[in-house]
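A predicted structure for the sequence below; I have some questions about it.
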There are 2 protein chains.
Amino acid sequence: MARWQANPQERLVASALDLFAEKGYENTTVIEIAQRAGLTKSTFFRHFPDKREVLFGGDAMATLLADAIVAAPAGVAPLDAVAHALDTIGREVFTAGRRGFAARRSAVIAATPELQEREALKALGLTAAIAHALKQRGVPELEANVAAQLAALTLKLAYERWISSTHDEAFSEVAMQALRHVQAATPTQSR
Amino acid sequence: MARWQANPQERLVASALDLFAEKGYENTTVIEIAQRAGLTKSTFFRHFPDKREVLFGGDAMATLLADAIVAAPAGVAPLDAVAHALDTIGREVFTAGRRGFAARRSAVIAATPELQEREALKALGLTAAIAHALKQRGVPELEANVAAQLAALTLKLAYERWISSTHDEAFSEVAMQALRHVQAATPTQSR
DNA sequence: GGGAGTGATGGTACTTGGTCCCATCACTAT
DNA sequence: ATAGTGATGGGACCAAGTACCATCACTCCC
């Protein structure tokens, strides 16, 4: 089954992250990334639509989150469906073994405006996916959008804390805590 | 005072928007934009850091919003400070005379992934600026972040409605209405 | 009124991301 | 063996963006 070398994508991602961390995103050329992975520019662009995307896994996250929200127990409140989804991704993608990678990746993005732009787009897509999934559950348009905004903030806070936590906290734990905090900080409607 | 022709930026923006609407962003070259404005590629990049930015006014909006939030009457709730800021930008930048331009611009962005990416980044910057301004008012970190998320949603909804409204509603009016709706759709903290 | 200075513009060469297209290679099935 | 299939290599090409220098329009000042 295995031709040439295995998992070209993974090798490209690893090479890219290494080089970005070493000499910065802008000073790294696609050809260099490919060479370090034993491949060529052509092959790189066959696996990723552009240089940025090598650090972003398509919309796997968005679909996973959306599916988990739809699959949450019927009748629960929007933010409880979100909680269910956060727990799911905590167990399926934000596992302990990937924390180191996530942290390095995050540092590179934080240092690169061009990557922040891509991340902003992904975040927006994520929020839209959450809102859409909530609507599928019957949540009214506006409530879904508001809940999605709160979910996006929760996810961001949880991710940051998960990445930088010294003691190994599971993502799910961190996320539940973050969600409770966000809920507590939500303004009571005065009027 | 006026050399050559006046307002090169404005002419470049107008040329770009026209061409993008005519033949699409991707099929339009920077050289074409410059030529239509009676300028050259060099001059284009002297006025804008890249091709995308010709449709985005730097961070003028973010600073204006942030300043207005800081300048809101002391002691009012976070979302009331936001309301004050929305009213300000409604009177200063989202004026009736600019609605047509905004609508055309919005249509082009909606048709162009590359521009949506830039817009996503701007939206994130806007949210961060709002949160930061609220913190300057003494609003605690978390409350500021939550309020900023709700403000971002409000701004987005109001902007969409303002652009597509048939009868000339002032942006401030639309924004106030949107804010009330968002507040009404905010989940009551059950636990 | 003429010349030095200043800021905006024009033009060219270069690098790199990204596309296209075709040749080639490794492996598989018959 | 042989044909077929899917992944890779390689080269030509275009456009975005950078760097640098020449040039032009206007201002200021003597």
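Looks like it came in fine.

where are the low-confidence patches of chain A?
Along chain A, the model assigns pLDDT under 70 to residues A:1-4, A:189-191.

Alongside chain B, which residues does it contribute?
A:77-79, A:116-118, A:120-121, A:123-124, A:140, A:142-143, A:145-147, A:149-150, A:152-153, A:157, A:180-191 (Cβ under 8 Å from any Cβ of the partner chain). All C-beta atoms are positioned from the backbone trio N, CA, C, and that covers glycine.

So among those, which ones count as buried?
Among the residues of chain A next to chain B, those that count as buried by neighbour count (16 or more other Cβ atoms under 10 Å in any protein chain shown) are A:77-79, A:116-118, A:120-121, A:123-124, A:142-143, A:145-147, A:149-150, A:152-153, A:157, A:181-183, A:185-186.

ok, the residue minimising distance to the centre of chain A - contacts?
The centre of chain A sits closest to A:Met61, judged by Cα atoms, centre = their mean, with a distance of 5.8 Å. Applying Cβ atoms under 8 Å, 6 or more residues apart in numbering or on different chains to A:Met61 gives the contacts A:Ile89, A:Val93, A:Lys122, A:Leu126.

Using a markdown table, lay out those residues together with secondary structure, distance to DNA strand C and neighbour count.
Shown next, in a markdown table, are the contacts of A:Met61 (DSSP: H, G, I helix; E, B strand; the rest coil; distance: Cβ to the nearest atom of the strand, whole Å; neighbours: other Cβ atoms under 10 Å in any protein chain shown):
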| residue | secondary structure | distance to DNA strand C | neighbour count |
| --- | --- | --- | --- |
| A:Ile89 | helix | 27 | 20 |
| A:Val93 | coil | 25 | 15 |
| A:Lys122 | helix | 15 | 19 |
| A:Leu126 | helix | 21 | 20 |
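
Now distance to B:Glu53 too, for those residues, in TSV please.
Shown next, in TSV, are the contacts of A:Met61 (distance: Cβ to Cβ, whole Å):
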residue	distance to B:Glu53
A:Ile89	34
A:Val93	34
A:Lys122	21
A:Leu126	25
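
Please identify which of the residues you listed is nearest to B:Gly57.
Closest to B:Gly57 out of the contacts of A:Met61 is A:Lys122 (24.2 Å), distances taken as Cβ to Cβ.

can you pull the contacts of the closest one?
A:Lys122 touches A:Phe56, A:Asp59, A:Met61, A:Ala62, counting by Cβ under 8 Å, 6+ apart.

Which of those residues ranks first by neighbour count?
A:Ala62 (20 neighbours; other Cβ atoms under 10 Å in any protein chain shown).

ok, so what distance separates that one from A:Ile69?
Distance of A:Ala62 to A:Ile69, given as Cβ to Cβ, to the nearest Å: 11 Å.

A:Thr88 now?
9 Å.

In terms of neighbours, single out the busier of these two.
Legend: neighbour count by other Cβ under 10 Å for A:Thr88 and A:Ile69, higher for A:Ile69 (28 against 18).

which secondary structure element contains that one?
Assessed by DSSP states H and E, A:Ile69 sits inside helix A:60-70.

how far is that helix from where the chain is centred?
What separates the centre of helix A:60-70 from the centre of its chain is 11 Å, taken as Cα atoms, centre = their mean, to the nearest Å.

right, is the helix or strand hosting A:Phe101 up against DNA strand C?
Per DSSP H and E: A:Phe101 is located in helix A:99-110. No - Helix A:99-110 stays clear of DNA strand C (Cβ under 7 Å from any atom of the strand), getting no nearer than 14.3 Å.

so what secondary structure elements neighbour that helix?
With contacts taken as 3 or more Cβ pairs under 8 Å, 6 or more residues apart in numbering or on different chains; DSSP states H and E, helix A:99-110 sits against helix A:8-23, helix A:113-136, helix A:141-164.

if we can go back for a sec, give me the subset of the buried ones among the residues of chain A next to chain B that also touch DNA strand C.
Within these, nothing lies near DNA strand C by Cβ under 7 Å from any atom of the strand.

Keeping just the C-alphas, turn stretch A:103-114 into PDB.
Extracted C-alpha coordinates of stretch A:103-114, given in PDB (Å, rounded to 0.1, in the frame of the first residue of the first chain):
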ATOM      1  CA  ALA A 103       1.200  25.100  20.900                       C
ATOM      2  CA  ARG A 104       4.000  25.400  18.400                       C
ATOM      3  CA  ARG A 105       1.500  26.000  15.600                       C
ATOM      4  CA  SER A 106      -0.200  28.700  17.700                       C
ATOM      5  CA  ALA A 107       3.100  30.500  18.300                       C
ATOM      6  CA  VAL A 108       3.800  30.600  14.600                       C
ATOM      7  CA  ILE A 109       0.400  32.000  13.800                       C
ATOM      8  CA  ALA A 110       0.700  34.600  16.500                       C
ATOM      9  CA  ALA A 111       3.900  35.800  14.800                       C
ATOM     10  CA  THR A 112       2.500  35.900  11.300                       C
ATOM     11  CA  PRO A 113      -0.200  38.400  10.100                       C
ATOM     12  CA  GLU A 114      -0.900  36.400   7.000                       C
END
